[in-house]
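>>> Give me coordinates for this.
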Amino acid sequence: MTIPEEDGTSRAGAPETGLIKSAEAGVSRRILPVLVTGAFLSYLDRTNVSFAALTMNDDLGLSHEQYGTGAGMLFIAYAACGIPACLLVKRAGAPTGFGILLILWSLCSASTALVTQVWQFYLARILVGAAESGYFPSVLYYLSLWFSEEDVGSRYAIVLVGTTISGIVGGPIAGAIMTLLEGVFGVPGWRWLFVAEALPAMLLGIFCLRYLDRGPETSRFLSFPEREAICARQAQELARRSMVTATQSTAEVFKAPWVWIMIAIWFLQACGTYGILYWLPLLIKAATTQASVLAVGLISALPYLSASLSMTSIARLADRSKSWILFLIGTCAVGATGFLVVAILGFLHITNLWLSILCLTVASSGLWSMHGPFWSIPAGLLTGEVAATSYAIINSAASLGGFFGPFLIGTLTDRTGTFNAALLFIGTLIVLAVLFTLQLRVMLPKKHAFDGQNRDTVPLYLVVDDE
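Below is the predicted model of the structure:
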């Protein structure tokens, strides 16, 4: 057997199961801790503003609408820069690409400590979004180089556990930093927060430059037989996905209606996810005005703890059954229920902190659990640079919801004086995502609908109707 070239040239022979398992175990031990840590730091650096807001908003004179706008502006740059940033990693290779992204976003995040005016706050958020935009699409593409299409979703869910760990420990860490460093050298604690939490990302970026491998063909940690087995399996999957047509272009992929439905689903999911990320500390503060910054940080860990447990479990179950769309429908419905119930409680003037936290925990668990089933669908259909570009387009375009979610919550809260209408509106958007997911299942022929049926060799992006 010979190792395939980067263009995916197929090779003779079948990979051996024993070697595959041994190789994948080695790959998981080697790259997953780094990718999980990067995901952890990404969310730590993009969401620490939600804890800084507990005192920063008063210092800078920010209204709810201005804070929501600034928090969400990260995603304007995220959408605009996602494709070139992802292609940077694809073409430069994982060591250089991930290293550059991590170092850049650490510098941009730290710069938020210098803002004194509203426009500077907006600019800092845009810079952080531009720097972080390529990380998660690149992670998905990088995993597709090493793992089978059936396993990419569960491995990606493991990486995303880093985002929920960020939520679990990020609140207490932020509360501790802001409390302990408040007034040191005359600097407010929220400014120290941005500097302190940016440094680890820079260190990880430097580490990636020397540690990561470009792909299985050049891996330094696998034995030669393990390398051969991984490359053979990946080449076979590439050949199967390319069986119908030798040309796969991004333009062809995005002629398919299912892609636009997936963008719509992920846009709506992002509205809810980032609504929680950027407003949870202020929601808790509104429900219990006596809580300290540290107490708010500790309480905010609960929804993320539940989300981390449910996300990995759902991803494994979905991969095992190959019922990705059915699991996507279910998790989306759970997320919508959490938002709607907490909004109804507010309208009924039931102000129980722990009941509200329970509802937000349900919402968080549902929304985060969508990741594994959702990304397993395109991961099994797209290859090469088309895959990297397509992941970035779906992620970037849909992540505009990361702007609209926080913005809408801030605007509606300023207009109505409470969070109730905002939470109800976000819940309604997630219900719409459920309807889009149902449409995704209906519009595809049953044998291609990712509902537990065996997959055909025809790439899904070519499927438009039953004929």
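>>> Please save the CA atoms from the host helix or strand of Y122 in PDB.
Taking DSSP states H and E as the definition, Y122 sits inside helix 118-132. Coordinates of each C-alpha in helix 118-132 appear next as PDB, following Å, rounded to 0.1, in the frame of the first residue of the first chain:
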ATOM      1  CA  VAL A 118     -18.600  52.800  23.100                       C
ATOM      2  CA  TRP A 119     -17.000  52.800  19.600                       C
ATOM      3  CA  GLN A 120     -13.800  51.300  21.000                       C
ATOM      4  CA  PHE A 121     -15.800  48.500  22.700                       C
ATOM      5  CA  TYR A 122     -17.400  47.800  19.300                       C
ATOM      6  CA  LEU A 123     -14.000  47.800  17.500                       C
ATOM      7  CA  ALA A 124     -12.500  45.400  20.100                       C
ATOM      8  CA  ARG A 125     -15.300  43.000  19.700                       C
ATOM      9  CA  ILE A 126     -15.000  43.000  15.900                       C
ATOM     10  CA  LEU A 127     -11.200  42.300  16.100                       C
ATOM     11  CA  VAL A 128     -11.800  39.300  18.500                       C
ATOM     12  CA  GLY A 129     -14.400  37.900  16.100                       C
ATOM     13  CA  ALA A 130     -12.100  38.300  13.100                       C
ATOM     14  CA  ALA A 131      -9.300  36.500  14.900                       C
ATOM     15  CA  GLU A 132     -11.500  33.600  16.200                       C
END
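>>> and that helix, what other elements does it pack with?
helix 17-60, helix 64-92, helix 94-110 (3 or more CB pairs under 8 Å, 6 or more residues apart in numbering; DSSP states H and E). For every residue, glycine as well, the C-beta is placed using N, CA and C.
>>> now that helix and helix 94-110, what's the angle there?
170 degrees (axes from the mean of the first three to the mean of the last three CA atoms, to 10 degrees).
>>> buried stuff in helix 118-132?
For helix 118-132, burial by neighbour count (16 or more other CB atoms under 10 Å) applies to 118, 121-132.
>>> what about dumping the CA coordinates of the helix or strand following that helix to PDB?
As assigned by DSSP H and E, the chain's next helix or strand after helix 118-132 is helix 135-146. Output of helix 135-146 as PDB, limited to C-alpha atoms (Å, rounded to 0.1, in the frame of the first residue of the first chain):
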ATOM      1  CA  TYR A 135     -11.000  28.100  14.600                       C
ATOM      2  CA  PHE A 136     -14.100  25.900  14.800                       C
ATOM      3  CA  PRO A 137     -14.600  25.300  11.000                       C
ATOM      4  CA  SER A 138     -10.800  24.500  10.900                       C
ATOM      5  CA  VAL A 139     -11.200  22.100  13.800                       C
ATOM      6  CA  LEU A 140     -14.000  20.300  12.000                       C
ATOM      7  CA  TYR A 141     -12.000  20.100   8.800                       C
ATOM      8  CA  TYR A 142      -8.900  18.900  10.700                       C
ATOM      9  CA  LEU A 143     -10.800  16.100  12.400                       C
ATOM     10  CA  SER A 144     -12.200  15.000   9.000                       C
ATOM     11  CA  LEU A 145      -8.500  14.300   8.000                       C
ATOM     12  CA  TRP A 146      -8.100  11.800  10.900                       C
END
